[in-house]
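Colleague: Let me see the structure of the following:
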Amino acid sequence: MALRSISCPRCGRQIEPNETLCSWCGAKRPSILARLNAWTGGGNGVWQIQAIIGVNIAYYLLSLLISGHGELSANPLNLLSPDQRSLMLLGATGAVPVLSFGRFWTLISASYLHGGLLHILLNMMALRQIGPWVSSEYGSNRMFVIYTLSGVVGYLASAFAGVSFTIGASASVCGLIGALFFFGKSRGGSYGAAVSREVSGWLVSLVLFGLVMPGINNWGHGGGVVGGVLCAGLLGYAARRPETTTHRLLASLCLLATGLALVWGCVLALTVLLL
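Modeller: Predicted structure coming up:
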């Protein structure tokens, strides 16, 4: 049976039919069984990324439901936007919720809230592209720890910088970018240098996008990148340090904290709506 072009399980680039190794990163061409395992949840943690995306979509739809309707605007940036009341009830974060009212749980919940259809679409597309790559190099448990804690760091930075209200998964996604940047610099060699070059391009684009587009939380993005680098340095990556019970425990704690924050946001929203 003739082989087909497939995506590399490590870097996501194309492996041509006549290649046994990825020409970009040197990873071995996966067997049919290995590809089946990755599709059903093994391999590079695709199912964890899909789960995070699913929760983001569900929380976005809930915010629209609580709003009663999404805003139908000619401006694509405001298309299907939840109202501010629903976002505040479900856990928008920033200087006012965190520093004025002590709603520290919103440092997690805000990463699962979005201000419109285009907002969530762009963030989830970025997560779908970057997340599996981070899982491949760090392992799925470390990936989720980095995703969660870098979002917290990014939103803490923006709160202390005076950003009143903010939402979105971009701080956490920027944390994954920061982790890849650390990986490239730390690993070295031709592959590490290639990773560093590609991620550096993303970082430059991120800065330019933040300067041009209004309403972008640059403090959250920058804090997320720094948080991702710090988490990556502390946790290590698969080529240097295999995942351990400690990593799995940290991922479980992050999962528990995320679940509690989202459930608490739902309880508060329902309580206010039923009063």
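
Colleague: would you list every one of the helices in the protein?
Modeller: Along the chain, the segments classed as helices by DSSP state H run 32-39, 46-67, 84-90, 106-109, 117-138, 140-160, 170-187, 189-212, 218-235, 245-274.

Colleague: okay, those helices in a markdown table with distance to Leu21, mean neighbour count and mean pLDDT next?
Modeller: (Each C-beta comes from the backbone N, C-alpha and C, glycine too.) Below are the helices of the chain laid out as a markdown table (distance: least, Cβ to Cβ, whole Å; neighbours: other Cβ atoms under 10 Å; pLDDT from 0 to 100):
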| stretch | distance to Leu21 | mean neighbour count | mean pLDDT |
| --- | --- | --- | --- |
| helix 32-39 | 14 | 13 | 46 |
| helix 46-67 | 22 | 18 | 92 |
| helix 84-90 | 47 | 20 | 93 |
| helix 106-109 | 40 | 26 | 97 |
| helix 117-138 | 16 | 21 | 93 |
| helix 140-160 | 24 | 27 | 97 |
| helix 170-187 | 17 | 26 | 95 |
| helix 189-212 | 12 | 14 | 87 |
| helix 218-235 | 26 | 23 | 96 |
| helix 245-274 | 28 | 15 | 93 |
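
Colleague: Could you export the ones you listed to TSV, including columns for distance to Cys25?
Modeller: Formatted as TSV, those follow (distance: least, Cβ to Cβ, whole Å):
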stretch	distance to Cys25
helix 32-39	16
helix 46-67	18
helix 84-90	40
helix 106-109	33
helix 117-138	10
helix 140-160	18
helix 170-187	10
helix 189-212	5
helix 218-235	18
helix 245-274	23
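
Colleague: distance of the residue nearest the centre of the chain from Gly131?
Modeller: For the chain, Val173 is the residue whose C-alpha lies nearest the centre (Cα atoms, centre = their mean; 3.3 Å). Val173 is 8 Å from Gly131, where distance means Cβ to Cβ, to the nearest Å.

Colleague: and if you look at Ile53?
Modeller: Relative to Gly131, and taking Cβ to Cβ, Ile53 is found at 9 Å.

Colleague: One more: Gly201?
Modeller: Gly201 is 18 Å from Gly131, where distance means Cβ to Cβ.

Colleague: And for Thr245?
Modeller: To Gly131, Thr245 is 23 Å away according to Cβ to Cβ.

Colleague: got it, and Val98?
Modeller: In terms of Cβ to Cβ, Val98 sits 26 Å off from Gly131.

Colleague: Minimum distance to Thr20: which of the helices of the chain has it?
Modeller: helix 32-39 (13.4 Å; Cβ to Cβ).

Colleague: picking up where we left off before, spit out the residues that contact Val173 and Gly131 alike.
Modeller: Jointly contacting Val173 and Gly131 under the rule Cβ atoms under 8 Å, 6 or more residues apart in numbering are Tyr147.

Colleague: and the residue lying closest to Val225 once chain neighbours are set aside, what does it touch?
Modeller: Spatial nearest neighbour of Val225, excluding adjacent residues (Cβ to Cβ, 6 or more residues apart in numbering): Gly178 at 3.9 Å. Applying Cβ under 8 Å, 6+ apart to Gly178 gives the contacts Ser150, Gly224, Val225, Val226, Gly227, Gly228, Val229, Ala232.

Colleague: closest to Gly188 among these?
Modeller: Ala232 (14.8 Å).

Colleague: so that closest one sits right up against Phe183, yeah?
Modeller: Yes: at 6.6 Å, Ala232 counts as touching Phe183 under the criterion of Cβ atoms under 8 Å.

Colleague: Overlap of the contact sets of these two?
Modeller: Counting by Cβ under 8 Å, 6+ apart, the shared contacts of Ala232 and Phe183 are Tyr138.

Colleague: what sits against Arg197?
Modeller: Neighbours of Arg197 in contact, by Cβ under 8 Å, 6+ apart: Gly184.

Colleague: and the gap between it and Tyr112?
Modeller: Taken as Cβ to Cβ, the span from Arg197 to Tyr112 is 32 Å.

Colleague: ditto for Gly94
Modeller: 15 Å.

Colleague: Only C-alpha atoms, please: export stretch 252-259 in PDB.
Modeller: The C-alpha coordinates for stretch 252-259 follow below in PDB (Å, rounded to 0.1, in the frame of the first residue of the first chain):
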ATOM      1  CA  SER A 252      -4.600  17.300  38.600                       C
ATOM      2  CA  LEU A 253      -4.500  20.300  41.000                       C
ATOM      3  CA  CYS A 254      -4.800  22.700  38.000                       C
ATOM      4  CA  LEU A 255      -7.700  20.700  36.700                       C
ATOM      5  CA  LEU A 256      -9.400  20.800  40.100                       C
ATOM      6  CA  ALA A 257      -8.800  24.600  40.400                       C
ATOM      7  CA  THR A 258     -10.200  25.200  36.900                       C
ATOM      8  CA  GLY A 259     -13.300  23.100  37.500                       C
END
